[in-house]
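**Q** Provided below are the primary sequence and the corresponding predicted coordinates.
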Amino acid sequence: MDMRDHLRVPSGPVDLSSIDTRATPGAPDGQDAANATREETGSELADLQERLWAQADVEGSPRRVLLVLQGMDTSGKDGVIKRSLGGMNPKWLKITGFEAPTEEEKAHPFLWRIRRALPEPGVVGVFDRSHYEDVLAVRARNLAPEEVWRPRFEEINAFERSLADDGCVIVKVFLHISHHYQLERQLRRLDRPDKRWKFDETDIEDREHWSAFQTAYEEVLERCNTPEAPWFLVSADRKWYRMWAVSQLLLETLRGLDLQYPRRPELDIPALEERLRKS
């Protein structure tokens, strides 16, 4: 069983309260063992990423990968991007963080800003938050009535199907933390001057709506868990595990594409070697 099997959200209703946020399904034997795999994993990710880009650049392949990271504040999205993808080439990475929409973005349909941030062929895109905020934060904070946000579930599913049909492989990860873990992390931000800059009072407001957010996430994980774009749930109270698990999910996804370096049959290798030696 690979990590995609371990972590894929089963079809049907989801009860987040029943899922242990400190669980480590599929993990090696402890933190040290997971950390020991980091260099090897990063090296293989870099190699597969280069193959993905090479196929697009030389052969015109439409394939690309989109990693979607969702989770409550302090769930570790920034850390996952920094450490789980650390071995990859930034030239072929496109990372986008979605904050509250600007006035310009509000003037367009909710998927407008998402489409503008999609990775090009050959590129691995990463969304720190995503189009799901429009059925999560909008709902939990009561920013729009239900008749506005509820139809977006089907819009999102249709959007993701169209991406898959266009060669985009989508990896959606929900980083699942506990209410208590979030409290510890937010208090740490206030206590440490080097972390205090990350604190935002709106984070307290979201914490006060914890139950509403959990309900919203449960419906997202149920209704938008499709064959074309399945959800994976990573228990994220253990920092080392969430970083290891996300890197493994991405690694297995890239392996599954059977990426090969493109062949260049038009190259006359002996003649080119001779020319280089004479240059």
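**A** Noted; the coordinates are in hand.
**Q** strands of the protein, start to end?
**A** In the chain, the strands defined using DSSP state E lie at 64-71, 93-97, 124-128, 168-176, 231-235.
**Q** contacts for the third one next, please.
**A** So the one you mean is strand 124-128. In this structure, residues lying in contact with strand 124-128 by C-beta atoms under 8 Å, 6 or more residues apart in numbering are 49, 52, 64-69, 77-78, 81, 85, 88, 92-98, 114, 117-119, 250. C-beta here means a position set from N, CA and C on the backbone, and glycine is covered the same way.
**Q** and Arg207, how far is that from Gly125?
**A** Applying C-beta to C-beta, to the nearest Å, the value for Arg207 to Gly125 is 29 Å.
**Q** between these two, which has more neighbouring residues?
**A** Shown here are Arg207 and Gly125; by other C-beta atoms under 10 Å, Gly125 has more neighbours (20 against 16).
**Q** what about the closest residue to that one other than its chain neighbours, neighbour count?
**A** Nearest residue to Gly125, sequence neighbours excluded (C-beta to C-beta, 6 or more residues apart in numbering): Pro119, at 3.1 Å. As a burial measure, Pro119 scores 20 neighbours (other C-beta under 10 Å).
**Q** residue contacts, Pro119?
**A** Counting by C-beta under 8 Å, 6+ apart, Pro119 has contacts 64-66, 94, 125, 168.
**Q** switch the cut-off to 6 Å
**A** Residues in contact with Pro119, defined by C-beta atoms under 6 Å, 6 or more residues apart in numbering, are 64, 94, 125.
**Q** what's the burial count for the second one?
**A** Going back to what we said before, that points to Lys94. The local packing of Lys94 (other C-beta under 10 Å) involves 16 other residues.
**Q** quick check, nearest of the contacts of Pro119 to Ile19?
**A** Closest to Ile19 out of the contacts of Pro119 is Gly125 (27.2 Å), distances taken as C-beta to C-beta.
**Q** and the closest one, what pLDDT?
**A** pLDDT, Gly125: 98.
**Q** Phe153 versus that one, what's the distance?
**A** Gly125 sits 22 Å away from Phe153, going by C-beta to C-beta.
**Q** got it, and Pro227?
**A** 16 Å.
**Q** ok, the two, which is more surrounded?
**A** Phe153 (16 against 8).
**Q** isn't that one right up against Asn225?
**A** No - using C-beta atoms under 6 Å, Phe153 is not in contact with Asn225, being 11.1 Å away.
**Q** count the residues that sit near Trp92.
**A** Trp92: 21 neighbours (other C-beta under 10 Å).
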